[in-house]
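>>> structural data only, the sequence is not supplied:
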């Protein structure tokens, strides 16, 4: 009897040249649409942040509607109530992690008039999960779902990633000081672990400091409707 399991994922070791750093925060609420305000608050506090294109800032995420609480509609005028478990997450190259920890811990940011005090940070490695999801990807303005997927496929091909399974989600505008940034959510499945990590490291499209193009591990296509609603 000869039996060979597919051990590609088990053998692959996630490199530590990039990681997420999760900061505890003390903040009662933020606007649901806070991507631009958070980006500017961080850059005012750490001016060098804007110059490092490798660094990405996750939007602050809270749980979806549950236990009688309804998540507000997307907008800068809608408050998102945060819990003590909510984190501020920044994805950065290894050599920047200690600097972020040293310069952000204990600082209070002004995010659209809301004070956000940053606590200690904890390093979390990237995932080798082969299904990943981005809540916001800034693609061509006015593109249809089919046009957006074609654009994403072309962009991913330059990274050596051929789409096997992709699901494009709802369109969400992110407010800025000028024109809004038009985004869509995007789920990719059946990547190799190497492709998944490469995509998490590099991201897709512009506006990484506003939380765009940042991929996180996901349970799979069957659960995507729940995540796009969160």
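That came through fine. The structure displayed is predicted, hence computed values, not measured ones. Numbers count the residues shown, from 1 in each chain.

>>> do you know how far residue 84 is from residue 62?
Distance of residue 84 to residue 62, given as CB to CB, to the nearest Å: 11 Å. In this view, the C-beta of every residue, glycine as well, is placed from N, C-alpha and C.

>>> which of these two has more neighbours?
residue 62 (16 against 8; other CB atoms under 10 Å).

>>> run the chain-centre distance for stretch 121-130.
Put simply, stretch 121-130 sits 12 Å off its chain's centre (CA atoms, centre = their mean, to the nearest Å).

>>> what comes up buried for it?
Going by neighbour count (16 or more other CB atoms under 10 Å), the buried part of stretch 121-130 is 121, 126-130.

>>> show me those that map onto strands.
Of those, the ones assigned to strands by DSSP state E are residue 121.

>>> and which of the buried residues of stretch 121-130 is nearest to residue 202?
Nearest to residue 202 out of the buried residues of stretch 121-130 is residue 126 (CB to CB; 11.3 Å).

>>> neighbours of the residue nearest to residue 130 when sequence neighbours are not counted, just the number please.
Closest residue to residue 130 apart from its sequence neighbours, by CB to CB, 6 or more residues apart in numbering: residue 191 at 4.7 Å. By other CB under 10 Å, 23 other residues sit near residue 191.

>>> again with residue 25
18.

>>> OK, contacts around it?
If you count contacts by CB atoms under 8 Å, 6 or more residues apart in numbering, residue 25 has them with 60, 82, 86-88, 116-119.

>>> one more time with 7 Å, if that's ok
Residue 25 makes contact with 86-88, 116-119 under the criterion CB atoms under 7 Å, 6 or more residues apart in numbering.

>>> go on, residue 57?
With CB under 7 Å, 6+ apart, residue 57 has these contacts: 38-39, 42, 90, 209, 211.

>>> which stretches of this protein form helices?
Assigned by DSSP state H, the chain shows helices spanning 8-11, 35-45, 94-104, 145-157, 193-202, 224-229.

>>> okay if I get those helices as TSV plus mean neighbour count?
As requested, the helices of the chain are exported to TSV (neighbours: other CB atoms under 10 Å):
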stretch	mean neighbour count
helix 8-11	11
helix 35-45	20
helix 94-104	15
helix 145-157	15
helix 193-202	20
helix 224-229	14
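
>>> TSV please, covering these and showing distance to residue 138.
Output for those, formatted as TSV (distance: least, CB to CB, whole Å):
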stretch	distance to residue 138
helix 8-11	30
helix 35-45	10
helix 94-104	23
helix 145-157	10
helix 193-202	15
helix 224-229	16
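
>>> let's have the ones you listed in CSV, adding mean pLDDT.
Compiled in CSV, the helices of the chain are given as follows (pLDDT from 0 to 100):
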stretch, mean pLDDT
helix 8-11, 58
helix 35-45, 98
helix 94-104, 98
helix 145-157, 96
helix 193-202, 96
helix 224-229, 47
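
>>> residue 175: which of those is closest?
Closest approach to residue 175 among the helices of the chain (CB to CB): helix 35-45, 6.0 Å.

>>> got a list of contacts for that closest one?
Identification of contacts with helix 35-45 by CB under 7 Å, 6+ apart yields 31, 49-50, 57, 59-60, 107, 109-112, 174-176, 209-211.
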